[in-house]
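Asks: sequence? don't have it. structure:
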């Protein structure tokens, strides 16, 4: 990892994005995850647990930043051998870009998930579409209307 930016700046950028996401800095997906996790814990009354988690995040940030710093500021070892693998490189870059995209669009994604969850709770027509071989089990069947349960409308 030392000196990665010298020989492979793209992979060093992927490493930096990954480390920043693990730290939980915006606009990374790790930030969004920590916000929702800490918010849910606070709403459940686990404030002490959140304080411990935030302190743990601060301590871990030191370690993550040391890895990122090694990529950019340390010289590479002279006996370092580079193994070319475009598949791994492309997968890492896709994950880093995905981390940014999900972090930026998190509000929209959360809204869509909440809407879908509400739809499942209230049993709207979109949730009643099912395979013809699957046994109907929703409220319409309990009332004796099998046709509505198996086909929308």
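Replies: That came through, no problem. What you are looking at is a predicted structure, and each value in this text was computed from that prediction instead of being measured.

Asks: Show me the shaky parts of the chain.
Replies: 82, 123-153 (pLDDT under 70).

Asks: the strands in this structure, which residues?
Replies: Here the chain has no strands by DSSP state E.

Asks: mind listing the helices for it?
Replies: 4-7, 9-23, 29-43, 47-73, 86-104, 106-122, 139-142, 146-150 (DSSP state H).

Asks: Tell me which residue lies nearest the centroid of the protein.
Replies: With distances taken as C-alpha atoms, centre = their mean, residue 29 lies nearest the centre of the chain, 5.2 Å away.

Asks: Against residue 104, how distant is it?
Replies: 9 Å (C-beta to C-beta, to the nearest Å). Using the backbone N, CA and C atoms, a C-beta is placed for each residue, glycine as well.

Asks: do the same with residue 83
Replies: In this structure, residue 83 and residue 104 are 32 Å apart, going by C-beta to C-beta.

Asks: who's more crowded, those two?
Replies: Each of residue 83 and residue 104 has its neighbours counted (other C-beta atoms under 10 Å); residue 104 has more, 15 against 5.

Asks: that older thread, most tightly surrounded among the helices of the chain?
Replies: Among the helices of the chain, helix 9-23 has the highest mean neighbour count (mean count of other C-beta atoms under 10 Å), at a mean of 19.

Asks: Can you name every helix or strand that it contacts?
Replies: Helix 9-23 sits against helix 4-7, helix 29-43, helix 47-73, helix 86-104, with contacts defined as 3 or more C-beta pairs under 8 Å, 6 or more residues apart in numbering; DSSP states H and E.

Asks: so which of those gets nearest residue 113?
Replies: The minimum distance between residue 113 and the helices and strands packed on helix 9-23 falls on helix 29-43, with 10.4 Å, by C-beta to C-beta.
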